[in-house]
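Student: Requesting a structural model of the entry that follows:
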Amino acid sequence: MDFDNSKPIYLQIVDFFYENILAKRWHEEERIPSVREVAVMVEVNPNTAIRAFNYLQEQNVIYNKRGIGYFVSENGFNKVLDIKKIEFMEVILPDVFKKMRLLNVQFDEVKNSFDQYVNNIDHEKK
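Tutor: Numbering: from 1, shown residues only. Okay, the predicted model is just below:
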């Protein structure tokens, strides 16, 4: 995994979890990789991985069944969706709007690009 120096590594691991849940690679009530497996997978110290797991548990996105492992929480998908939508609306979009304004990009141009992107993704799935 390539890490961005501007964001703590454990939060980038959290984003990795969010992406897997939103992409439905990991489903609610499904066992997910262990702390050790994640540490090896993303090439970090297990203590960094455990920090990400603890954060996700505090957010009620995952839970631990003692002796069995970690699982995506019931309603974990919707929790992640809410978290990421808020981040998108409050952090990412204001920056996009600023850049659109500076570059004089109109919303219709963005909408057309988005529609084209979705169309391409839909064709790839077929």
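
Student: Residue most distant from the centroid, the chain?
Tutor: For the chain, the residue at maximal distance from the C-alpha centroid (CA atoms, centre = their mean) is Asn104, at 30.1 Å.

Student: Run through who's touching the longest helix seen in the chain.
Tutor: For the chain, the helix with the greatest residue count under DSSP state H is helix 107-125. Applying CB atoms under 8 Å, 6 or more residues apart in numbering, the contact partners of helix 107-125 are Met100. Any C-beta I mention is one placed from the backbone N, CA and C, and that applies to glycine too.

Student: where along the protein do the strands fall?
Tutor: 62-65, 69-72 (DSSP state E).

Student: For Glu28, which of these is the nearest?
Tutor: strand 69-72 (5.1 Å; CB to CB).

Student: State the distance from the residue farthest from the centre of the chain to Gln116.
Tutor: Counting by CB to CB, to the nearest Å, the gap from Asn104 to Gln116 is 20 Å.

Student: what's the answer for Asp2, then?
Tutor: 27 Å.

Student: again with Val38
Tutor: 35 Å.

Student: more crowded one of those two?
Tutor: Just comparing Val38 and Gln116: by other CB atoms under 10 Å the higher neighbour count belongs to Val38, 22 against 10.

Student: how many other residues sit next to the nearest residue to that one once chain neighbours are set aside?
Tutor: The shortest distance from Val38 to any non-neighbouring residue, by CB to CB, 6 or more residues apart in numbering, is to Ala49 (4.7 Å). By other CB under 10 Å, 23 other residues sit near Ala49.

Student: pLDDT value on Ala49, please?
Tutor: Note on Ala49: pLDDT of 97.

Student: Ala39 is in contact with that one, correct?
Tutor: Yes - at 4.1 Å, Ala49 and Ala39 qualify as touching, with contact defined as CB atoms under 8 Å.

Student: What is the least confident helix or strand in this structure?
Tutor: helix 107-125 (a mean of 88; mean pLDDT, DSSP states H and E).

Student: Can you give me the buried ones in it?
Tutor: For helix 107-125, burial by neighbour count (16 or more other CB atoms under 10 Å) applies to no residue.

Student: what's the answer for stretch 14-34, then?
Tutor: Those buried within stretch 14-34 under the rule 16+ other CB under 10 Å are Val14, Phe17, Tyr18, Asn20, Ile21, Trp26, Ile32, Pro33.
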